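Asker: I would like to see how this sequence folds:
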Amino acid sequence: MKIGFSKDVHRLKKNVPLILGGVTIPYKKGLISHSDGDVVLHSLIDAILGALNKGDIGKVFPDNTSEYKNASSMYLLSKTYKILENCNVFIDYIDIFISCEEPKLSPFTNLMKFNISETLQISKDRISIKCGTNEGLGYIGQKKAIESYCVVILKESDKNE
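Answerer: Numbering: from 1, shown residues only. Sure, this is the predicted structure:
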């Protein structure tokens, strides 16, 4: 068994699309980033890469090249899945926590699970997505940013399959 953990945070800015878990969320602000700023998928990608000992999202998808400028994080997740497929492991479980004051994200978590399950070819039952606020504290509480934490459990594939 291998375990990966990651956290990602990005600042909010007006008139930028807010994309989380591959879902465009109706909101007045979005996340600033080299790619689409999807902190949910960024933390997931980083957790997978960490569990595989393949570095991090910045190493695999560098932000100093035009190749990934404004890239969809769903695309980056699909490329991460191809790396995973070559490592003789499978995803046993994903646990994600999103921290933001607003907007309320619970209406969107099932669609986020669907996007992740389709891309990583795992059951939605193996994905947990939870959301919470910071009770007005810190940069999250001041509505300056959104952050996401992720834990991934990988297990070795049966070599006889």
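Asker: in this structure, which residue is most central in space?
Answerer: Nearest to the geometric centre of the chain sits Leu41, at 1.7 Å (C-alpha atoms, centre = their mean).
Asker: are we agreed that Leu154 is in a strand?
Answerer: Yes - applying DSSP: H, G, I helix; E, B strand; the rest coil, one finds Leu154 inside a strand.
Asker: what about it, how many neighbours?
Answerer: 21 (other C-beta atoms under 10 Å). The way it works is simple: take the backbone N, C-alpha and C, and place the C-beta from them, glycine included.
Asker: that one reaches Ile94, doesn't it?
Answerer: No - Leu154 lies out of contact with Ile94 (C-beta atoms under 8 Å); the separation is 10.1 Å.
Asker: so where is this structure shaky, pLDDT-wise?
Answerer: Applying pLDDT under 70 to the chain flags the ranges 159-161.
Asker: check contacts around Asp38.
Answerer: Asp38 makes contact with Ile19, Leu20, Gly21, Gly22, Leu31, Ser73, Met74, according to C-beta atoms under 8 Å, 6 or more residues apart in numbering.
Asker: tell me which of those residues is nearest to Gly50?
Answerer: Nearest to Gly50 among those is Ser73, at 16.6 Å by C-beta to C-beta.
Asker: Leu12: neighbour count?
Answerer: With other C-beta under 10 Å as criterion, Leu12 counts 23.
Asker: one step back: surely the residue nearest to the centre of the chain is within a helix?
Answerer: Yes - with three-state DSSP as the criterion, Leu41 is part of a helix.
Asker: and the closest residue to it other than its chain neighbours, what is it in contact with?
Answerer: The shortest distance from Leu41 to any non-neighbouring residue, by C-beta to C-beta, 6 or more residues apart in numbering, is to Ser73 (3.8 Å). For Ser73, the contact set (C-beta under 8 Å, 6+ apart) comprises Ile19, Gly22, Ser35, Asp36, Gly37, Asp38, Leu41, His42, Ile45.
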